Structures are given as structure tokens and as C-alpha cells.
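**Q** next comes the sequence, and after it the predicted model I'd like to discuss.
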Amino acid sequence: MTERLVARLAPAASAGGTWRWDLAIEGEGQKLGSLLLPDLRLRGLLTQLERVDHVLASSDFAHATASRNTVVEVLLDLVWSELILPLVPAVADFSQLTLVVPAQLARLPLSSARSAHSGESLVHICEVEVHILADGAPAVVEAVRGTGRSCPASTFAEPLPLPGPRQPHYWDPQSNVHRFDSHLEELPAHLSAFPLSADATVLLMGCRTALLLPILEEAQVGQAVVSSWDVEDRHCAPFGDALMSAMANGLPAAAALRSVQASMTASPPYRWAGYAVLRIATGSESPMSASAADRGGRSRGLVPA
């Protein structure tokens with residue numbers, strides 16, 4: 001069986017302290033060590049994400065393309081240099097990676113971050129799943145307070161009517177993939193209209209669908225492909241088609257997403273880099289439980305726990 005590396009983002013022990021990745025091999029119950037993140041500035045990353053939100057939502061057509069390219073490239077480079085680059089030496093021995101992060105960071109483009117200088121990205125290194133801890137650590141909540149966007153379940157408490165004859169839902173029973181194409185405000189009603197099993201993969205092809213994590217958790221969706229920022233229909237629809245095709249041919253969601261994104265890396269990243277495969281888990285359901293994190297394990301030149 002192919003080994004999967006699990007990297008869990010651990011908050012700093014005190015204000016102004018250093019964040020770290022705690023590393024383990026999935027299923028082996030042992031910790032490999034920790035990677036310190038001395039350059040990580042969460043507020044700066046989320047402030048740049050807000051800039052992406054602003055320019056994608058408000059730029060006029062004449063300047064939209066240049067603005068999108070600039071702000072997205074800056075965000076991808078910041079996430080790469082501050083969060084992902086320290087992981088690269090450890091990831092070299094693995095073909096699969098799970099990143100475990102608090103829900104407050106779900107919209108950061110972790111799996112598609114890349115260097116503005118070299119173009120290096122996890123897309124070219126391994127397939128990535130992002131596991132979201134629904135019960136976020138207080139230190140993370142404090143670090144991101146006043147930045148980023150949230151989407152509490154109560155925002156969409158009232159079902160919205162389905163729009164006319166449009167059918168935004170498609171289900172492939174062979175791969176057990178549910179695809180929803182709709183606006184963010186309409187998706188909760190669509191999700192509630194269809195039974196979704198925990199082993200299904202849900203594709204949410206719309207703008208900023210990572211904001212729907214509370215809805216996905218309530219629906220007990222095990223895995224979803226979501227977007228971090230605004231998307232255009234002319235790019236989003238064919239992207240979803242390519243994903244459905246890859247999964248229909250037997251690829252798991254993370255491998256399918258990596259395949260589609262790798263084929264598009266020559267195009268502007270705002271078209272493809274905002275998508276990620278997310279799973280929702282509590283701390284006890286995380287691939288690296290607290291007990292596993294407390295055990296010793298193989299050393300790969302990492303900081304001991």
C-alpha cells in the first residue's frame with residue numbers, strides 16, 4: 001500500500017510563538033517529527049485572500065484579468081513560501097499527502113500553492129487532500145480574528161427556492177459523485193434536496209463554496225471539491241466536466257483534481273488553483289490523533305516533538 005504523509009498544522013504555544021507542521025504516516029500511529037514555520041503570518045495570508053475576494057467581485061472587465069492574475073499569484077506564492085515549502089523535503093518520499101488544518105483556514109489554496117519564481121507546486125509533486133478540523137483550536141481563532149470570511153450555518157437556515165426548470169444537480173452512480181452547479185446562495189437548498197451518503201464525493205461548482213463547510217458538515221458529507229474564490233461559468237463548467245470524467249475513469253477525487261490542475265498550470269491560476277478536495281473531521285477522527293502525535297517514530301531530520 002502506498003504510504004500517505006499526514007501533516008497537521010499546530011498553533012503556536014503562545015502569542016508570537018512559532019507554528020509548526022506535526023508529521024506522521026497515516027495508519028502507523030507514529031510521529032515523524034515537526035517542521036517549524038518561523039515565517040508563517042496567518043493574518044497576512046488571509047488579508048491577501050480578502051484582496052482576491054475584492055478584486056474578483058468588483059473589478060471591471062477591462063482590468064479584471066490583470067488584477068486577478070496579480071492578486072492570485074501573490075496569494076499562491078505567500079502560501080507556498082510560508083506554509084508549503086518547508087514541507088517539500090518531507091513530501092519527497094510520498095505520493096500522497098493529507099494536510100490537517102482548522103476550519104478557519106479552509107479557503108487558503110494549500111494544495112495548489114506555488115512559487116512565483118520557480119513555478120514549483122504540490123500539484124507537480126503529489127496528490128493532496130485537505131482535512132478540516134470542525135472544532136478549530138482557540139489559538140487559530142484568535143490568530144485570524146477580524147480577517148477572512150466565515151459562513152455560519154444560520155446564514156442559510158431558510159431553504160431557497162429552486163430556480164425554474166434549471167436542474168443544477170447531476171449524480172454519477174458508478175463513481176458516486178454528486179455535482180452541483182449553482183450560485184453560493186442557492187447551493188444549501190440544492191444540497192438539502194438530495195440524500196448524500198458519507199462515502200459520496202460532492203462537487204460544488206460555484207463561487208467560494210468552501211464557505212459551505214457548516215452545511216457540508218450538517219449533511220454529513222465525507223468529501224467535497226470546493227472553490228476558494230469567485231469563479232467564472234465559462235471556466236468552472238468545463239473544469240467540473242474534466243473532474244467528472246477523471247473520476248468516472250476510476251481516479252479518486254484528489255488524484256483527479258491533481259490531474260486536471262496539472263493540465264492547466266500554463267493558464268492563469270485563478271481559473272484552476274482555487275479548487276481543493278476537503279474532508280471534514282473532528283480532532284479524534286483526524287488521520288493523526290492526539291495519541292499518535294505523542295508517540296515517537298522514524299526520524300527524517302525533523303525537529304523532535
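**A** Looks like it arrived, so ask away.

**Q** Tyr170 and His190 touch, don't they?
**A** No. Look at Tyr170 against His190 with Cβ atoms under 8 Å: they stay out of range, at 11.1 Å. The way it works is simple: take the backbone N, C-alpha and C, and place the C-beta from them, glycine included.

**Q** more crowded one of these two?
**A** His190 (22 against 13; other Cβ atoms under 10 Å).

**Q** just the element for the more buried one, please.
**A** When elements are defined using DSSP states H and E, His190 is found to belong to helix 187-192.

**Q** and the contacts of whatever helix or strand comes next after that helix?
**A** On the C-terminal side of helix 187-192, the closest following helix or strand by DSSP H and E is strand 201-205. Counting contacts by Cβ atoms under 8 Å, 6 or more residues apart in numbering, the residues outside strand 201-205 that touch it are 175-182, 187, 191, 196, 212, 216, 221-227, 231, 236-237, 239-240, 243-244, 247, 253.

**Q** need the residues that contact the helix or strand harbouring Ala237.
**A** In this structure, Ala237 is located in helix 233-248 according to DSSP H and E. Where contact means Cβ under 8 Å, 6+ apart, the residues beyond helix 233-248 that reach it are 170, 172, 174-175, 177, 179, 181, 201, 203, 205-206, 225, 227, 231, 253, 255-257, 259-260, 263-264, 271-272, 275.

**Q** which of those count as buried?
**A** 172, 175, 177, 179, 181, 201, 203, 205-206, 225, 227, 231, 253, 255-257, 259-260, 264, 271-272, 275 (16 or more other Cβ atoms under 10 Å).

**Q** the residues you listed in strands, which ones?
**A** Cross-referencing the buried ones among the contacts of helix 233-248 against strands under DSSP state E gives 172, 177, 179, 181, 201, 203, 205, 225, 227, 275.

**Q** which one of the residues you listed is nearest to Glu3?
**A** Using Cβ to Cβ, the shortest approach to Glu3 within these belongs to Thr201, at 22.7 Å.

**Q** for the closest one, list each beta-bridge partner.
**A** Using DSSP bridges, the beta-bridge partners of Thr201 come out as Val177, Gln223.

**Q** and if you look at Ile25?
**A** For Ile25, the beta-bridge partners are Leu5 (DSSP bridges).

**Q** count of neighbours near it?
**A** Every residue meeting other Cβ under 10 Å relative to Ile25 is counted, giving 20.

**Q** now do the one 3 residues further on
**A** Here the number of neighbours of Glu28 (other Cβ under 10 Å) works out to 16.

**Q** secondary structure class for it?
**A** Assigned state for Glu28: coil (three-state reduction, DSSP: H, G, I helix; E, B strand; the rest coil).

**Q** for stretch 115-132, buried residues please.
**A** Per 16+ other Cβ under 10 Å, stretch 115-132 contains these buried residues: 121-123, 125-132.

**Q** go on, stretch 268-284?
**A** Along stretch 268-284, these residues count as buried under the neighbour rule (16+ other Cβ under 10 Å): 269-281.

**Q** closest to Pro38 out of the ones in strands among the buried ones among the contacts of helix 233-248?
**A** Checking those against Pro38 with Cβ to Cβ, the nearest one is Tyr275 at 29.4 Å.

**Q** list the contacts for the closest one?
**A** By Cβ under 8 Å, 6+ apart, Tyr275 lies in contact with 112, 225-228, 239, 257, 261.
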